[in-house]
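K.L.:
got a structure for you, letters missing:
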């Protein structure tokens, strides 16, 4: 089988890095097309030996990109096209059908209850989404929560498949030597209690809540924010107003898998943390929470469908927190006190004796997700009867809608 993955961009983001990790475990010959922004993940894919093509799309309504994508799909001899993120799903589904490829699968990474890819939903966004969705075989939801949202939007039940995001459990396993080396490199005091936050620095992630909580915690508590994004300067000013500037570290964008960029990768950063906190109120999966559990960290979260979809006994080590800075400050203080009470006599304050991996992390192992996706691929390729007529001028006309969501930056 030969597959083409079409994605909106390849900067550092959850969907983008999930694609790279997935391609390392899929037993399929895969190429990747990015419509725009061939960033660090594109370089990482190329280093992995994956062919990456930048389509050079100028904007959301750059229809000249469509025939280029059609030609690329036709010339590649692909058995299946797999699309990721809103804009790539719209253009990729249409291009695949025009190129004669009917085995089209899309993964819905970012559909929230009130937003998609960090932007507010609208009737126009929904209409365009559903119009293009009918051109594919299956829509993959990364959690049962996202599957429910798709059904409420109007995607037919038989077309929805659930394939959760996956993680490389071994990569996140706690290592005390990595912890010591990373903390020293970051300039963290030996006895610092480090609260970690992982994700895009956008308003929806609510990392300002953690800064507010830090201001209520003792002076030996630090906040380590792993990620980049448009709200970094806002968060720096928030830390300054809260008087905690000297205890907040911004690492910038960090890859989930090694790609040769300088500085510690994400698993190294989680080794340096003592607790991971995720105050985002709306997630489609909650990958950072699961990665924290894979690193053996206690985790405090506001929303995590990945855990909410599991039986409670599989989510040991995670605690849901409802509220703002005050609630997270209390939960962090309680989590620290509990860790101290469980520490063996004589254990160093900055050197945890051990970190067992949560059962939830093993449940979401990347090899399991890849095997589930292969079943979706096999079903899509084996079905020869088209699910709808080829796209015509009505589908192309919808690309001119003013409410087409802007590109994610």
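P.N.:
Perfect, I can see it now. Nothing here was measured: the structure is a model prediction, and the numbers come from that model. Numbers count the residues shown, from 1 in each chain.

K.L.:
just give me the neighbour total for residue 217.
P.N.:
By other CB atoms under 10 Å, the residues close to residue 217 number 19. For every residue, glycine as well, the C-beta is placed using N, CA and C.

K.L.:
which ones are touching it?
P.N.:
Listed by CB atoms under 8 Å, 6 or more residues apart in numbering, the contact set of residue 217 reads 195, 329, 332, 333.

K.L.:
cutoff 10 Å now
P.N.:
Residues in contact with residue 217 (CB atoms under 10 Å, 6 or more residues apart in numbering) are 193, 195, 223, 244, 247, 328, 329, 332, 333, 336.

K.L.:
does it belong to a helix, a strand or coil?
P.N.:
Here residue 217 is coil, with the state taken from DSSP: H, G, I helix; E, B strand; the rest coil.

K.L.:
still on that earlier bit, among the contacts of residue 217, name the ones in helices.
P.N.:
328, 329, 332, 333, 336 (DSSP state H).

K.L.:
the stretch 251-400 of the chain: helices as residue ranges?
P.N.:
266-272, 287-294, 305-308, 325-342, 359-363, 366-382, 393-398 (DSSP state H, counting those that start in this stretch).

K.L.:
pLDDT averaged over the third one - what is it?
P.N.:
Along helix 305-308, the predicted confidence averages to a pLDDT of 94.

K.L.:
show me what it is packed up against.
P.N.:
With contacts taken as 3 or more CB pairs under 10 Å, 6 or more residues apart in numbering; DSSP states H and E, helix 305-308 sits against helix 144-153, helix 287-294, strand 299-301, strand 318-320, helix 359-363.

K.L.:
which strands or helices does the last one pack on?
P.N.:
The criterion is 3+ CB pairs under 10 Å, 6+ apart, and the helices and strands that helix 359-363 contacts are helix 169-172, helix 287-294, helix 305-308.

K.L.:
what ranges in this structure fall below the confidence cut-off?
P.N.:
Residue ranges of the chain with pLDDT under 70: 118-119, 255-263, 344-354, 384-409.

K.L.:
residue 54 reaches residue 33, doesn't it?
P.N.:
Yes: judged on CB atoms under 10 Å, residue 54 makes contact with residue 33 at a distance of 7.9 Å.

K.L.:
tell me what angle whichever strand or helix holds residue 210 forms with helix 325-342.
P.N.:
Assigned by DSSP states H and E, residue 210 belongs to helix 207-214. Here the directions of helix 207-214 and helix 325-342 differ by 60 degrees (axes from the mean of the first three to the mean of the last three CA atoms, to 10 degrees).

K.L.:
please tell me how far helix 207-214 is from the chain's geometric centre.
P.N.:
A distance of 22 Å separates the centroid of the chain from that of helix 207-214, by CA atoms, centre = their mean, to the nearest Å.
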